[in-house]
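J.: With the sequence up front, the predicted model follows.
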Amino acid sequence: MESEGVLLPLIHEHPMMPWNDLRRGDCCGRYVSQSDGYYCKLCDFFLHKECGELTEFIIDHPAHPDHTLRLQGIRGHVCDICERKIKNLCYRCCDVCQFDLDLHCAKYPPPDVIDNFETHSHKLTLVKKNTVFDCSAKCGKAYGLSYKCEECDVAFPVECVWHPEASELNYSPEVNHSYHSLHPLKFLTGEPPEYSDGKCRLCGTEIGELFYHCSSCNFTVGFHCVLNPPQKSLVDPKVHDHQLTLLPRLDSFTCNACGLKGDRSPYACFDCGFMIHQDCLGLPRVININRHDHRVSRTSVLGDAAMNSVCGVCRKKVDWTCGGFSCKRCPGYVVHSKCATRDDVWNGEELEGVHEEEEDTEPYVVIDDNTIRHFSHEEHNLRRIHGNGIMYEEQKRCKACTHPIGLKSFYDCMDCDFSLHQKCAECPKTKRHVLHNDRLTLVTNEELADFLCKGCDLNYNGFMYKHGDIELDVLCGSISEPFVHPSHPHHPLYYMPTEDFEICNGCNRMELHVLRCIEIDCVFVLSFKCATLPQVVKHRVDDHPLSLCYGEEEEASGKYWCDICERETNPKEWFYTCKDQRASLHTKCVLGDLARFMPRSVVKFQNRSFEVVLNKSVTRPFCSKCKSRCIYPIILKLLGISETSFCSFECAVLFYWFGEK
């Protein structure tokens, strides 16, 4: 009769059987060559014995003396000493500083003083807090725990000076390495030899100026792989069905897990020819990505069903013979392994074994064909009014996007002054978005507090999509891929994040967050701000609605002048035009920078309160900052002092930061 197993309630929810295996522990993420452990068949969860028998759940650690550390189950974080990704368990600061230690570094704390570091002749002292510094070993590390020489005022990262698994090494002049038995490896400093590629033979990372090298064989190993060499062989059903063996050689191969090329030291299966990058061994099994509403699961072979599919992130063709991530609920939706696990796509949480709760995303309950009960206004029903393209009320505005009601269908409260555009009323209560890795929740912003939208960088006080400190206005939050805009109707647009600013085709300004056409030879870029401009607006400059015009492809023979500011316009930039197209009005002049504020609301800035006011009087007030008459349709007035007005949020900010001049 099979035993009931071992209960470790603070570590795992199910009974676990004693087990002996040669694989990585799901507890600390490290490979142990011969490890007794515990195994849960229900979750395929393997735990090293020494990790499972931890008895100290609250510890004091010399690397973080100010606060105690508590044993917690956390995924996706990084150890603050060795910088390894934490697989499942770690010791975390109970305070707000979020200091994390993996189990191995918690067991082997770095010494307070090191006085035998070969590359430096003076005593080094551990600085017991994260600091910014220049690494004297030139390894590229510039923040974290460090050892400092008080005599020379130089600093080294902890991992350059000491390692918990081999502190006795201390930069020995020569070492015998298990992956290079022909000759000992010599410790070298400075630039690597010219004939070397400057990378570690085993892991492929840049070796910096501290490394071990065999000149006879051109075999170079970084310091980390001397202290903690990769496992020679391993068995992990989450990675592959058969045993994998490391091949420590320079050789080109295609990784079966991600489909990308490698140039050295893969793990290989001699039974079936399977090959995998070392850093692909730790690929998660089930995750959420910010571009898809459902979970995606890793599969070893995408299969012929994905033969004509493209990656849901980079939009490039996938190799269906390799592994990747796919959605079980959406046939054909696949993602490259490397794309799915990018820092700007995945939040780092492994969801295998985590129950998926069905979320209620429906924003309203249908009463009848023309009546709904919206979650933001549950006290009354809303009645749908079909837009006829004529009715337009400047005073009546959508509570969600703050734009005027009219021209299109909307919902109107049957008992009070509450309205929503039909499109805004249909916004789901929760959703995923390309600008944030966690699910966003639609917040009604009942207090009408203003915030800065991450997508368009505009201030706003309508409904918002929010998670933590990330806030998106309902217009930017509604953008999803593929995004089709009337200015570029033939090709859809996608969000392809880069660290560089790009010129938007709409406003001709440099923007960071942009949507891009991915078709070859089609260079079209659109900022979130221009992508969410209203297509049709009303302005007192014309009796008819104004339409958004996407510029002119050819340079106009005559000059265009804005009837609002009476300044020249650039015909290649987007502008608003009237029915007879005799005018080209700057988008800023038509909308101003307060277009996403609800009139009659109150905005607080620099401990002052301002009323958001429609600028519809015959005599327009003077702006207290720029001294010009306020030309924009919405202005700010300082509460209690009617003579103090500002034509824009920008002028109000500049006035209270820098004064009148």
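T.: Received it, and whenever you're ready, just let me know what you need.
J.: all strands for the stretch 201-350 of the chain, in order.
T.: 210-214, 219-222, 233-234, 244-246, 250-254, 261-264, 267-268, 275-276, 286-287, 296-299, 324-326, 334-335 (DSSP state E, counting those that start in this stretch).
J.: Just put these in TSV and tack on distance to residue 72 and mean pLDDT.
T.: Bear in mind the C-beta positions are built from the backbone N, C-alpha and C, glycine included. TSV is the format used below for the strands of the stretch 201-350 of the chain (distance: least, Cβ to Cβ, whole Å; pLDDT from 0 to 100):
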stretch	distance to residue 72	mean pLDDT
strand 210-214	33	86
strand 219-222	31	90
strand 233-234	27	88
strand 244-246	31	94
strand 250-254	38	92
strand 261-264	35	92
strand 267-268	31	94
strand 275-276	30	94
strand 286-287	20	94
strand 296-299	25	93
strand 324-326	27	94
strand 334-335	30	94
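J.: Which among those is found nearest to residue 595?
T.: Closest to residue 595 of the strands of the stretch 201-350 of the chain is strand 334-335 (Cβ to Cβ; 36.6 Å).
J.: which other residues reach that closest one?
T.: 289, 292, 296, 302, 306, 309, 311-313, 318, 324-327 (Cβ atoms under 8 Å, 6 or more residues apart in numbering).
J.: how about a cut-off of 7 Å?
T.: For strand 334-335, the external contacting residues (Cβ atoms under 7 Å, 6 or more residues apart in numbering) are 289, 296, 302, 306, 309, 311-313, 318, 324-326.
J.: next one: stretch 122-135
T.: 62-65, 80, 110, 112-115, 117, 141-152, 155-157, 160-161.
J.: buried ones in it?
T.: By neighbour count with 16 or more other Cβ atoms under 10 Å, stretch 122-135 contains the buried residues 124-128, 133, 135.
J.: farthest pair in these?
T.: Largest pairwise distance in those, by Cβ to Cβ, is 17.8 Å, between 128 and 135.
J.: Report the residue ranges of every domain in the protein.
T.: As given by automatic domain parsing, the domain ranges for the chain are 58-107, 113-161, 174-227, 233-280, 364-425, 536-591, 602-658.
J.: Reformat the ones you listed into TSV and put distance to residue 466 next to each item.
T.: Below are those laid out as TSV (distance: least, Cβ to Cβ, whole Å):
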stretch	distance to residue 466
domain 58-107	21
domain 113-161	29
domain 174-227	38
domain 233-280	33
domain 364-425	14
domain 536-591	24
domain 602-658	18
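J.: Throw the strands of the stretch 201-350 of the chain into JSON lines and include mean neighbour count and distance to residue 633, thanks.
T.: Formatted as JSON lines, those follow (neighbours: other Cβ atoms under 10 Å; distance: least, Cβ to Cβ, whole Å):
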{"stretch": "strand 210-214", "mean neighbour count": "21", "distance to residue 633": "63"}
{"stretch": "strand 219-222", "mean neighbour count": "22", "distance to residue 633": "62"}
{"stretch": "strand 233-234", "mean neighbour count": "16", "distance to residue 633": "66"}
{"stretch": "strand 244-246", "mean neighbour count": "19", "distance to residue 633": "66"}
{"stretch": "strand 250-254", "mean neighbour count": "13", "distance to residue 633": "59"}
{"stretch": "strand 261-264", "mean neighbour count": "15", "distance to residue 633": "56"}
{"stretch": "strand 267-268", "mean neighbour count": "22", "distance to residue 633": "64"}
{"stretch": "strand 275-276", "mean neighbour count": "22", "distance to residue 633": "60"}
{"stretch": "strand 286-287", "mean neighbour count": "20", "distance to residue 633": "45"}
{"stretch": "strand 296-299", "mean neighbour count": "20", "distance to residue 633": "45"}
{"stretch": "strand 324-326", "mean neighbour count": "28", "distance to residue 633": "47"}
{"stretch": "strand 334-335", "mean neighbour count": "26", "distance to residue 633": "44"}
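J.: Mind putting these into TSV with distance to residue 489?
T.: Formatted as TSV, the strands of the stretch 201-350 of the chain follow (distance: least, Cβ to Cβ, whole Å):
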stretch	distance to residue 489
strand 210-214	56
strand 219-222	52
strand 233-234	52
strand 244-246	50
strand 250-254	39
strand 261-264	37
strand 267-268	48
strand 275-276	43
strand 286-287	34
strand 296-299	30
strand 324-326	30
strand 334-335	27
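J.: what's the pLDDT at the residue most central in space within the chain?
T.: The residue lying closest to the centre of the chain (Cα atoms, centre = their mean) is residue 344, at 3.4 Å. Residue 344 carries a pLDDT score of 91 in this model.
J.: hang on, isn't it packed against residue 497?
T.: Yes. Residue 344 lies in contact with residue 497 (Cβ atoms under 7 Å); the separation is 5.2 Å.
J.: Name all residues that make contact with residue 521.
T.: Residues in contact with residue 521 (Cβ under 7 Å, 6+ apart): none are found.
J.: when you give positions from now on, start the count at 26
T.: Fine by me, first position is 26 from now on; the one you just mentioned is residue 546.
J.: who does the one helix or strand residue 211 maps to pair up with?
T.: Taking DSSP states H and E as the criterion, the element that holds residue 211 is strand 205-214. Strand pairing for strand 205-214, using DSSP bridges, gives strand 199-202 (antiparallel), strand 235-239 (antiparallel).
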